[in-house]
Structures are given as structure tokens and as C-alpha cells.
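J.: Here is my input, please return the structure:
(3 chains)
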Amino acid sequence: MTSRSLLEGLNPEQLAAVTLPKQAALILAGAGSGKTRVLTTRIAWLLQTGQVSPQGILAVTFTNKAAKEMLTRISAMLPINTRGMWIGTFHGICNRLLRAHHREAGLPEAFQIMDSQDQLSLIKRLLKALNIDDEKYPAKQLQHFINGNKEAGLRAAQVVPYDDFTKRLVELYAAYEEQCQREGAVDFAELLLRCFELLTRNAMLRDHYRERFQHILVDEFQDTNKLQYLWLKLIAGDQAAIFAVGDDDQSIYAFRGAQVGNMFDFERDYQVKNVIKLEQNYRSFGNILDAANTLIQHNGTRLGKNLWTSAGSGQPLRVYEGSTDLDEAAFLVEEVKQLHREGLALQNMAILYRSNAQSRVIEHQLFSTGVPYRVYGGLRFFERQEIKHALAYLRLIANNDDDGALLRVINFPTRGIGARTIESIQSNARLSRASLWQAACSGGGSGRSGAAVAQFVNLIEDMRRRSEGLTLPEQVDMMLDQSGLRAFYHSEKDGQDRLDNLNELINAAMNYLAEADDRSLTGFLAHASLEAGDHQADAGADALQLMTVHSAKGLEFDAVFITGLEEGLFPHENASLDPAGLEEERRLMYVAITRARQKLYLTLSQSRMLHGQTRYNVGSRFLIEIPANLLHWLNKAQPAPKMGGFAPAGNSSARPTRSAQAEHGFHIGQSVLHAKFGVGVIIDCEGSGGGAHVQVNFGGSHGIKWLTLRSVDMLTASS
DNA sequence: ACCAGTGCCGTTTTT
DNA sequence: CGGCACTGGT
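T.: A predicted model of the protein is given here:
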């Protein structure tokens, strides 16, 4: 492929980005603007023009999916062997570095990677061992504390406690570090931090990699956390060029440590002269982009960007207001069926919601009408219980000191090792500061339980011996038999699915062998932790897609339904309190809107069941922030409330849900307008006549208030 | 060792 | 309302 054909079809901004000289660059890539194309073409162009060899490329993404996509597209562009290039996730690349230099990093060769579940159970164990009151120090909170600090680049010793409580947390953080080290276990954040420290302390290694990686390309830069940015700066040194691609308007992961500020900092730290905006959108029709543009302009902190298309306006956005969540769901299903009849494939349509709980009603409706659908967000393959058990056996074979793995399987399937015995092993281990395995070996335990423990130790050692000379899939197969897992699920009455999954694990091992460089058991285990597998069940079939807005990021569909557009839900009540949170919710809405290619539906409901209670919500402010002329309300006239009174606003067909209706004409579920608080919905009534009260939900801005009907200066009835 | 009953809690999530 | 984690009983 010639360089001409490589660059063919790029728009001027894309072309400029692809062919930038070797300097720090920041590419502001709007939704649907060809971001991945720019990234991959840039790499291909650098290689093809001989500016760098594959070894000189380091490309970092957040998800394995994105990394794979990049690799595939580069391979399609260039007939080169992509092996030399390092393209992967932050965690995958750090894992690779730590495996190669485990000694220098102070880790055992077969160090294990804990996923969040493993990490949490280690913390619970630790708290129990230290006799910590888990009411005061919940494991989840400690986990959050530890990860937060690691992602800020801070070791326990570096955290400055500002009160006694934090001081204790820091002590527990230190104890946790010690325990991880003893077990040879590493959590996700540790991969990054350990790698960062390795390169900070070891000048030889640092210089080696700095010399090697001349071009560092970063995808989704707006999602990087503090440590990831530090890591990038460290590995780049001052000779490599960082090519950062991101979209501040699509930053929706601040809640897990992402710092959009890294984009501003990057521009300043490197005095980036090359800021290129990709604003031409190849995905959506004009009305959809106009809606997105106008909405996001309500945010104050932006780098600034406006999407445009040459595709024409397309249809208006359709809005449906249901009376109940059930009604909303029924509309969704009917509309999906209609579009399907018109020829849209189900898999090209998506129903999006802010939180997972909202899927239930919709799923129910889909199920009862027989529309095939697929929900994102269940357990992934490597997270399933039976797979975790199998992996625990493998981990124990690879690394005896993995206490978490030992505890998971020492008595599963049951082999007569009870809680008592396990506790005594644990206290022995604690006393001699050894691993559970070591304690179990020297156990000498009394009578029957001692024999059972010895038998378990033998079992593991026997499996390790048998492993020698076996291929990875054969090892897995052997373990399934020797451990008794296969027999156990075989005798379980509902065990067939789990049995199938266990056999699937053998396939997973085979696939791993075919693709991976490191073909060891340890490599496979790391792979299982770092790539927990597909999120969706049975892909392939034509099915409607259901997912949260977060998981929709990066995807696109012909028709998109954004549901639950109500104050408190979207924007979510927990986020609408502080301005930064609200702006993130708005970016989330921006992401949702820009998923749609052709048709975009916005739906809401006057009431919905939440936490076992019927809630009455106000329409989302996001509906108001989109220009009215882009919206086509399907089932009612758009309210045009005038300020200065307490008037039924909008829909007066909202059916009363309580029999306690008063003569004043107000009822539960009714929209009202207050001079000071704006539009709200009556959620409760009390009393009658002159002393009547109504409870009104004004949404995020003013919340829920009790108001007297009598105080006419506050509330003026005027219907 | 297992199960049923209770009580609590309730965004978003990748690695 | 519904999922889960934990408790106490058998």
C-alpha cells in the first residue's frame, strides 16, 4: 500500500493529525469523527514512511477491545508483522513489563493478578485477621481508599492522614500491601504503580524503554487517571512524542479516578502546539448533532468543539412521555417492533438507561412480547463462580502462597476440611508469618482433619507433577478431573451449565495458546484476570441491545432510545447536587445522544417503581436544554409553563393514583409550577381544605418540598 | 454442611 | 421491590 492510498479519503484535519511531525500532539476527537482511524493510520504512516520501526511504537488503550481493534486495523493497512509493536491496555503493558523484570520489581516470577473480587476478599480476610470492626471500617471503603491512593501514585507511607480515622485506614493500607507481597498477589492499580516505581528507580530500564519507544500514542486520553499520566510522562522522557487522542466532552469516568484535567495539563506540560480538532462527524444526522452540541454547551469547563455533518438534518428527535415505567416500556417495545418491521435489524437498535435497575421493566416487556434482546453487564466468563474455582486450583499450582486461591478451593468440592480447621491453619500462618500453604504443609493437625489437609496438599502437589509435559489445555482438563470439580458439577442437578463453562475453559486455554506470546500457565492466569471475557451473552443472533449509557460509549446504532429522562434518574440525584457531577451527567447524555446514526428517541415516565416505592419525577433538564424545534413530542403537547404561578403544567391526563383527592384540584403525579422553585411534581398530599399540604418534587435543583396550598404568596393556584 | 429466614441497601465500571 | 450477605437453626 502506498502512502497516498493510506492517506486517501482523510479530511484535512484527520490528514493533518496523521502526518504531524514527531512532537507532542493533542487530538480533540469528537464522537464519530474517525478517531480510531486517525490513530491507526498515524501508526501505519509512521511505519510506512520509515520514521519508526514497529519496536518504536507504544500504543495504549483502556480496554482490550480497543487494543484488539487497533491491531486488526493496522494489520489490514500494512502487510507487516505487528509483533514488535506494543499495543495494549495500560494494565496489559505494565503486566508485560513486570513479567519481564519481576526481580527488579520485587515480585515473584509467578505473581498473580487479583481482580476486584479477589482484592475485596483479601481485604475482608485481612480485616478479620486484625480483628477490625467492619462496621467502622467496611471492606469496600478500604478497597476504595487503597485503590484511590494507588491511582494517585501514593504508597501507604506517602499518604498524609488528616485525622485518626484516616490514620487507621493508612495503617490498614500498609497491612494490605504487606499481605499482597506475602502472597505474591498484585491488584490492578498495583500493576501500574509497581511499574511506575520500577521505571522511576531503575535508570537502566528506564533509559532502555525510553530509547525504544519513540512514539507513544494514547487512546481515550480523557479517561486517564493521575498515575497513568505520570506513567506516560515517565516512559516518554523528553525524546519520545506523545500523541494523545481524546474528547473532554466524553469524559464520564471521573467517579473512578479519571482526570479530564490531564488534557489541560498535557497541553501545558508539553507546550503542545499541535492541537487538532476533529469535528466532522460521519455517524449521525444533523438534528442529532445539533441536539448534542446545544446540550453540551451548557457545560462550563470544556475545551470547546462543535460537531457537524454533511449528511443533512434527518428526522427530529422523538419524545415519548409515559404515565408509568410500564407504559414507557410498552412504547419502547412497540416502537422497536415497528422499526423492525420497517427493516431495521434488532441488533442495530439500542435501549439505553442510566442505571441497570431500569432494565428490569423493559426486559419484562420484551420477554413477554417475545422480542429477542441482549443485556450488557452480567457476569463475564472469567468471573463466573465455577471458573473462579477452576482458576484457583491453577493459581495454587502456579503459586502456593496464593492464600486467596487456597481458601477458595481447600474445601471445594467438600473434602472434610471445616471452618475450625481452616481457622487453625490461618492462625498458625499468622503466627509464623507464613502463607496458608506453608501452614497447611507443616500443619501436623490432629487426627482426621490433619489427614484431610495433608491429602489436599498432596492433591495440589500431585497436580503440579502431572502438569509437567502437558500442554495448557491438557493441564486444565487434568485439573478438572483431579480436583473433583467436574465430578461435583456433574452430580449437581443444575450443574450442566457450569459443567459446560468448565469445558469452555479448556477452549479458552486453547485460544490463548494460539494467540499469546507467553504460553505459560502464569501467562494464561494473567490473561484471565486482565481480560475477563465478553460482557454479553450469546452474541451473533439478531437481538435488541440493552445497556447503560456508560457501556454504550464507543458504540453506535441506527436507532437509539434514551430512557428514563427524569430528574433524579438522569441526571442522577446523587450527581446533580454538585456542579461537577451535573456536568458529568450532561456529558453522559452527550455520549448517549451521539450513539445514534439515524433515529433518536427520548423517553420518560411520570411515575416509576423504584426501591419498592412509586416515585414521581420531573422531566429531565436535559430535555429542556435541547432546542425545542429539534424535538417532536409524540403523545402530548409540550408544556409552555409561565412563571409566576402555581399552575398545572403540561399533562393534565396524569391519572390520580390515590383516592384521597381533594376539592382543590391537585392530585398526586400532577405537574405543577412554583414561582421560585420552578416545575415540580406532586408526590404526596395531606389534609384538606385550607390546611392542605402537598409534597412536591422539584428535582435536582430544589429537591422535595412540603408546601401549603394556603400560603398563596408562595403558591398561587391558577388553572 | 446446608438452608431458610432476616435485614439491609439501593449510580455509573475497566483493568 | 429484589438481590445479597450474613445469622442461626437443624
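J.: Spatially nearest residue to the residue of the stretch 201-350 of chain A found nearest DNA strand C (excluding sequence neighbours)?
T.: Taking CB to the nearest atom of the strand, DNA strand C has its nearest neighbour within the stretch 201-350 of chain A at residue A:325, 11.8 Å off. Backbone N, C-alpha and C define where each C-beta goes, glycine included. Leaving aside its sequence neighbours, residue A:325 sits nearest to residue A:608 (CB to CB, 6 or more residues apart in numbering; 3.8 Å).
J.: Pretty sure that neighbour sits against residue A:615.
T.: Yes: contact criterion CB atoms under 8 Å: residue A:608 and residue A:615 qualify, at 5.8 Å.
J.: Please say which of the two ends up with more neighbours.
T.: Ranked by neighbour count (other CB atoms under 10 Å), residue A:608 and residue A:615 place residue A:608 first, with 24 against 18.
J.: for the more buried one, helix, strand, or coil?
T.: strand (DSSP: H, G, I helix; E, B strand; the rest coil).
J.: wait, what's in contact with the residue nearest to residue A:325?
T.: A:324, A:325, A:328, A:361, A:564, A:566, A:569, A:614, A:615, A:617 (CB atoms under 8 Å, 6 or more residues apart in numbering).
J.: residues from chain A in reach of DNA strand B?
T.: A:62-65, A:89, A:91-92, A:115-116, A:188-189, A:253, A:255-256, A:354-357, A:377, A:411, A:414, A:416-419, A:530-532, A:535, A:547-548, A:550-551, A:572, A:574-575, A:581, A:585, A:611-612 (CB under 7 Å from any atom of the strand).
J.: out of these, who's near DNA strand C?
T.: A:611, A:612.
J.: Helices - which of the residues of chain A next to DNA strand B land there?
T.: A:64-65, A:91-92, A:116, A:188-189, A:419, A:530, A:550-551, A:581, A:585 (DSSP state H).
J.: ok, of these, which come out buried?
T.: A:64, A:91, A:92, A:188, A:189, A:530, A:550, A:551, A:581, A:585 (16 or more other CB atoms under 10 Å).
J.: In space, what's closest to the first one - neighbours in sequence excluded?
T.: In this case it means residue A:64. Residue A:64 sits nearest to residue A:531 (CB to CB, 6+ apart), 4.8 Å away.
J.: same thing with the fifth one?
T.: Once flanking residues are discounted, residue A:189 sits nearest to residue A:150: 3.7 Å by CB to CB, 6+ apart.
J.: Need the max-distance pair from the ones in helices among the residues of chain A next to DNA strand B.
T.: A:419 and A:585 (45.8 Å; CB to CB).
J.: hmm, back to that, so the residue of the stretch 201-350 of chain A closest to DNA strand C touches residue A:607, yeah?
T.: Yes: using CB under 8 Å, residue A:325 makes contact with residue A:607 at a distance of 7.3 Å.
J.: Quick one, grab the pLDDT at the closest residue to DNA strand C within chain A.
T.: Nearest to DNA strand C in chain A, going by CB to the nearest atom of the strand, is residue A:612, at a distance of 2.3 Å. Note on residue A:612: pLDDT of 89.
J.: How about residue A:644?
T.: For residue A:644, pLDDT reads 34.
J.: Am I right that residue A:681 is in a strand?
T.: Yes: counting by three-state DSSP, one finds residue A:681 located in a strand.
J.: Contacts only, for the closest residue to residue A:339 other than its chain neighbours.
T.: Leaving aside its chain neighbours, residue A:339 sits nearest to residue A:559 (5.6 Å; criterion: CB to CB, 6+ apart). Applying CB under 8 Å, 6+ apart, we find residue A:559 in contact with A:336, A:339, A:344, A:348, A:349, A:350, A:596, A:597, A:598, A:599, A:600, A:601.
J.: avg pLDDT for the one helix or strand residue A:559 maps to?
T.: For residue A:559, the host element (DSSP states H and E) is strand A:557-562. Mean pLDDT, computed over strand A:557-562, is 98.
J.: quick one: that strand to chain centroid distance?
T.: In terms of CA atoms, centre = their mean, to the nearest Å, the centre of strand A:557-562 is found 20 Å from the chain centre.
J.: How about that strand, which residues are buried there?
T.: A:557, A:559, A:560, A:561, A:562.
J.: Thought residue A:350 was touching the first one, still the case?
T.: Yes: using CB under 8 Å, residue A:557 is in contact with residue A:350, at 4.3 Å.
J.: hey, what's in contact with both of the two?
T.: What both residue A:557 and residue A:350 touch, as defined by CB under 8 Å, 6+ apart, is the set A:545, A:595.
J.: and residue A:566, what does it touch?
T.: A:604, A:605, A:608, A:617, A:618, A:619, A:620.
J.: so how far is residue A:697 from it?
T.: 10 Å (CB to CB, to the nearest Å).
J.: Can you list the low-confidence ranges for chain A?
T.: A:1-4, A:443-448, A:535-540, A:636-670, A:676-677, A:683-694, A:699-703, A:705-719 (pLDDT under 70).
J.: Pop the domain breakdown of it in here.
T.: A:12-103+A:192-280, A:113-183, A:295-380+A:536-633, A:382-531, A:670-714 (the TED database).
J.: what's the burial count for residue A:313?
T.: Considering only other CB under 10 Å, residue A:313 is surrounded by 13 other residues.
J.: Quick check: it vs residue A:473, distance?
T.: Applying CB to CB to residue A:313 and residue A:473 gives a distance of 55 Å.
J.: residue contacts, residue A:123?
T.: Per CB under 8 Å, 6+ apart, neighbours of residue A:123: A:139, A:142, A:143, A:146, A:176.
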